[in-house]
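Visitor: Fold the following.
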Amino acid sequence: MSHSRGEITTFVMPHMQNVLGDLFGGDLMALVDQAAAVAAMRHAGGPAVTKSIDRLDFHQAIPVGALVSCCATVDFVGRSSMDITVQVYSEQIATGARVHTHTAHVVFVAIDRDRKPCRVPRLVAETAEERARYDAAAERRRARGR
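Guide: Numbers count the residues shown, from 1 in each chain. The predicted model follows:
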């Protein structure tokens, strides 16, 4: 599981703001999707596409000028699908203060050259934290009816 990760970090620039001066939700969703894509493609060893975003919980606004980091982990795999959690953090560069602001759960599917779903490697949970992530993702998958 430790290899199946992705991270994207960027500044929140003025063109990314909503009417309140914080990071626009659509821009955040794009960053979440990109971080999840990196984790999915690393795990699959090739192309993968977004199947669904189960949920994106907004805990706290991210202001313009902050550094935003999206940290994605593959937590569960099926035959071709991968359940991924993305944790979002906001950092004030001047102070180094970092806070967890959002959590997203995303499903990606590995695809072959013909854009058909293809098998992904199994996922091996090696630590207690990885087993907990695996179990939580398996429960979310059951709740979705898969």
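
Visitor: Which residue lies nearest the spatial centre of the protein?
Guide: Val86 (3.0 Å; Cα atoms, centre = their mean).

Visitor: Mind giving me the packing neighbours of the strand or helix carrying that residue?
Guide: Taking DSSP states H and E as the definition, Val86 sits inside strand 81-91. Strand 81-91 sits against helix 25-44, strand 67-77, strand 98-110, helix 128-144, with contacts defined as 3 or more Cβ pairs under 8 Å, 6 or more residues apart in numbering; DSSP states H and E. C-beta coordinates here come from the backbone N, C-alpha and C atoms, glycine included.

Visitor: Would you list the strands that it pairs with, along with their directions?
Guide: strand 67-77 (antiparallel), strand 98-110 (antiparallel) (DSSP bridges).

Visitor: out of the ones you listed, deepest packed?
Guide: strand 67-77 (a mean of 22; mean count of other Cβ atoms under 10 Å).

Visitor: any idea of the mean pLDDT for it?
Guide: Average pLDDT, strand 67-77: 97.

Visitor: Return the distance of that strand from the chain's centre.
Guide: Relative to its chain's centre, strand 67-77 lies at 4 Å (Cα atoms, centre = their mean, to the nearest Å).

Visitor: what angle separates the strand holding Val86 from helix 25-44?
Guide: Here strand 81-91 runs at an angle of 130 degrees relative to helix 25-44 (axes from the mean of the first three to the mean of the last three Cα atoms, to 10 degrees).

Visitor: What residues of strand 81-91 count as buried?
Guide: 81-91 (16 or more other Cβ atoms under 10 Å).

Visitor: now swap in stretch 127-139 and tell me
Guide: 130, 133-134, 137.

Visitor: Stretch 52-67 too?
Guide: So for stretch 52-67, counting by 16+ other Cβ under 10 Å, buried means 53-54, 56, 62, 66.

Visitor: And the residues you listed, which is closest to Arg115?
Guide: Ile53 (20.0 Å; Cβ to Cβ).

Visitor: right, and the closest one touches Asp33 too?
Guide: Yes. Here Ile53 reaches Asp33: they are 7.4 Å apart, a contact under Cβ atoms under 8 Å.

Visitor: If anything else comes up later, I'll come back, but that's it for now.
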